[in-house]
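[1] Need coordinates for the following:
(one chain, ligands or ions: 1)
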Amino acid sequence: MSFVFPPIKTPSIAIEGSSDRFPIRRIFCVGRNYAKHVKEMGQDPERHPPFFFFKPADAIVENGGKVPYPTLTKELHYEIELVVAIGKELNAVEVKNANDGIFGYAVGIDLTRRDIQMDAMRAGMPWDFGKAFDHSAPCAPIHRVEETGFIEDARIWLAVNGETKQDAKTSELIWNVPELISILSHGISLKPGDLIYTGTPAGVDAIVAGDVISGGVGNLTGIDIEIV
Ligand code: MN
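    Okay, the predicted model is just below:
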């Protein structure tokens, strides 16, 4: 058997302190998971069940990468997020056991074509074209959980051209990491290689070509990208 054209090279991300790489299977993203961000998006900040959307695995951009300003939008937004890397298969895992499935953590940016997302939201249509486009998932190297411990109350921040735009704590997550893992694993089988972008705090805004975006979560290696 041979393929009619070469299959995709497995997308992967660097692991801090190692030459091994983390192969990416799927990218799950959580919507509306910090109350102040839910409010700035004009939504009800009550604790509704979390919902998820997806990005293609090959939307990953490595740290230091240049992101071409995407097509179809006049309103590209940054969203700094704590990214959880899954290292085990998890099926209907209980919250108290959910942290066992964590391989590690990274800092990511959920790049969003906000105008397309909002048009879709108003029309009751899927968000995909607002969220799941080429280069839409920058991610810094993954730190193994053995090194970091479980991240529950870290500063999460983002700056554009050196000016701080987002600044919050991961303890403000409406649905925390083990809860998200548990809920996801009741809906699908989580697999090694899955990434979960856990949601963004308040302060999202538009960026343009030439902007330099940097961000961090606690002591994790920060993310740095440039829009070109
Ligand atoms: Mn997001």
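[2] Please make it C-alpha for all contacts and neighbour counts, starting now.
    Will do.
[3] I'd like the distance between residue 205 and residue 4.
    For residue 205, the distance to residue 4 (CA to CA, to the nearest Å) stands at 43 Å.
[4] Any idea how many residues pack against the nearest residue to residue 52 once chain neighbours are set aside?
    Excluding the flanking residues, the one nearest residue 52 by CA to CA, 6 or more residues apart in numbering is residue 30, at 4.7 Å. Residues near residue 30, counting by other CA atoms under 10 Å, number 19.
[5] same check, this time on the one 10 residues further on
    A count of nearby residues for residue 40, using other CA under 10 Å, gives 14.
[6] So it sits against residue 202, correct?
    Yes - with contacts defined as CA atoms under 8 Å, residue 40 counts as touching residue 202 at a distance of 6.8 Å.
[7] and whichever residue of the chain sits closest to the ion, what does it touch?
    In the chain, the residue that lies nearest the ion is residue 199 (4.5 Å; CA to the ion). Listed by CA atoms under 8 Å, 6 or more residues apart in numbering, the contact set of residue 199 reads 29, 30, 31, 32, 33, 34, 79, 80, 81, 82, 173.
[8] ok, now residue 102?
    The contact partners of residue 102, by CA under 8 Å, 6+ apart, come to 84, 85, 86, 87, 88, 145.
[9] Dump those residues to a markdown table, plus pLDDT, secondary structure and neighbour count.
    Supplementary listing: the contacts of residue 102 in a markdown table, determined by pLDDT from 0 to 100; DSSP: H, G, I helix; E, B strand; the rest coil; neighbours: other CA atoms under 10 Å:
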| residue | pLDDT | secondary structure | neighbour count |
| --- | --- | --- | --- |
| 84 | 98 | strand | 27 |
| 85 | 98 | strand | 26 |
| 86 | 98 | strand | 25 |
| 87 | 98 | coil | 19 |
| 88 | 98 | coil | 15 |
| 145 | 98 | helix | 17 |
